[in-house]
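no sequence for this one, just the structure:
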């Protein structure tokens, strides 16, 4: 099984790292057309939005609230808003990040064992 060959925690960390830079990617893609990374940022922005747009609702909501909407909500706030305990929320968030990593740019965020 392919999931047995994936280092899930490292793949989750890669997705988290990319999504934490979403604000910068968005600014480079939409505002700073003179920056050398503008074109790459436009591609990354489009890819991130397409993946999240195609995710199951719960996963998309978690990714949006944690990384994309720019409001810096706490884990507890998001868990409460979604009606989950903090531990359940953490499990759902990790699943969402792993699903994101699996879908991103030919699986380049996945780390194999």
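That came through fine. Predicted model only: the values in this text are computed from it and were never measured.

residue 110 belongs to a helix, doesn't it?
No - Residue 110 is assigned coil when assessed by DSSP: H, G, I helix; E, B strand; the rest coil, not a helix.

pLDDT value on it, please?
pLDDT recorded at residue 110 is 92.

could you pull out the helices for this protein?
8-20, 22-30, 38-53, 57-63, 75-82, 86-103 (DSSP state H).

put together TSV for those helices, with mean pLDDT and mean neighbour count on each row.
Placement of C-beta: from N, CA and C, glycine included. Formatted as TSV, those follow (pLDDT from 0 to 100; neighbours: other Cβ atoms under 10 Å):
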stretch	mean pLDDT	mean neighbour count
helix 8-20	96	17
helix 22-30	93	17
helix 38-53	94	16
helix 57-63	96	18
helix 75-82	93	14
helix 86-103	95	18
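
and those: which comes nearest residue 113?
helix 8-20 (9.2 Å; Cβ to Cβ).
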